[in-house]
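Chemist: structure for this input, please:
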Amino acid sequence: MERNIVGIIISFAFIFILIGIATVLEKRNKLSKEGTRKLVHIGVSNWWIIAMIYFDNIWYAIILPSVFIIINYLSYRFQLINAMERKSGSNDLGTVYFPISLLILVIFTFGIIKIPYIGAVGTLIMGYGDGLAAIIGKKFGKRKYYVFNNEKSFEGTLTMFIASLLVCFSIFTIYSPNIILFKSLVIAVFATILEGFSPWGFDNLTVPIFSSLLYYILFF
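Modeler: Residues are numbered from 1 along each chain as shown. Sure, this is the predicted structure:
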């Protein structure tokens, strides 16, 4: 079977299995709604690794994020997938913004510059950095600050920085092994600032897109 078609099958199977696991955990009260949201959030970011392995044609690579822009918007409007939604009436469109940022990064890194690992920088920072920051901030965050009435914690922000640093260090070690620590620090600090000052789920757009873009502008 053609490699890109295999990639499509694996991509959809991966995401639906992830949502299925989150739904079961939520229904059995093994994880809170916020916990299942973050499980999906972190898990989805790993789709970029599948994309890098299987897709060499941008038209196949854009299919999954395009489909999930629609699915996630319908889920937001009608609460279709409870495991990844906040309460009804929330203005947080983060679950819609994330596939939009994936689509933009796929077009930019698979189609225009043809360097897919640069998209992995922003996507995996968003997944692991933002996802873990929310979990740690919720559980251990005591020092609060507010951005446009959105509550943040310094503990969560520190987690965002450390996770982003580790993501960058891992990616640069494999794909761009020079001045690794310096590049990782610059991108991690930038991503942490973006996450801290992006309210209403906009960090799902700003962090992945601008983290990858800054890396490309400064270091490539």
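
Chemist: how far is the strand or helix carrying Y76 from where the chain is centred?
Modeler: If you go by DSSP states H and E, Y76 is part of helix 63-78. Here helix 63-78 is found 15 Å from its chain centre; the criterion is Cα atoms, centre = their mean, to the nearest Å.

Chemist: can you map out the helices along the chain?
Modeler: Secondary structure of the chain by DSSP state H: the helices cover 3-27, 33-45, 47-54, 58-61, 63-78, 94-106, 116-124, 131-140, 154-175, 180-196, 203-219.

Chemist: ok, which of these comes nearest Y146?
Modeler: Closest to Y146 of those is helix 180-196 (Cβ to Cβ; 10.8 Å). Where you see a C-beta, it was placed from the backbone N, CA and C, and this is true even at glycine.

Chemist: neighbouring contacts of that closest one?
Modeler: The contact list for helix 180-196 (Cβ atoms under 8 Å, 6 or more residues apart in numbering) reads 121-122, 125, 129-130, 133, 147, 152, 157, 160-161, 164-165, 168-169, 172-173, 176, 203, 206-207, 210-211, 214-215, 218-219.

Chemist: buried stuff in it?
Modeler: In terms of neighbour count (16 or more other Cβ atoms under 10 Å), helix 180-196 has its buried residues at K183, S184, L185, V186, I187, A188, F190, A191, T192, L194, E195, G196.

Chemist: alpha carbons of it, as CSV, please.
Modeler: C-alpha atoms of helix 180-196 as CSV (Å, rounded to 0.1, in the frame of the first residue of the first chain):
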residue,chain,number,x,y,z
ILE,A,180,21.8,22.8,21.2
LEU,A,181,21.4,24.2,24.7
PHE,A,182,21.4,27.8,23.5
LYS,A,183,18.8,27.2,20.8
SER,A,184,16.7,25.2,23.3
LEU,A,185,16.8,28.0,25.9
VAL,A,186,15.9,30.7,23.4
ILE,A,187,12.9,28.8,22.0
ALA,A,188,11.8,27.6,25.5
VAL,A,189,11.8,31.1,26.9
PHE,A,190,9.9,32.5,23.9
ALA,A,191,7.3,29.7,24.0
THR,A,192,6.8,30.2,27.8
ILE,A,193,6.2,33.9,27.3
LEU,A,194,3.7,33.2,24.5
GLU,A,195,1.8,30.6,26.6
GLY,A,196,1.7,33.0,29.6
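
Chemist: for E155, the count of nearby residues, please.
Modeler: 18 (other Cβ atoms under 10 Å).
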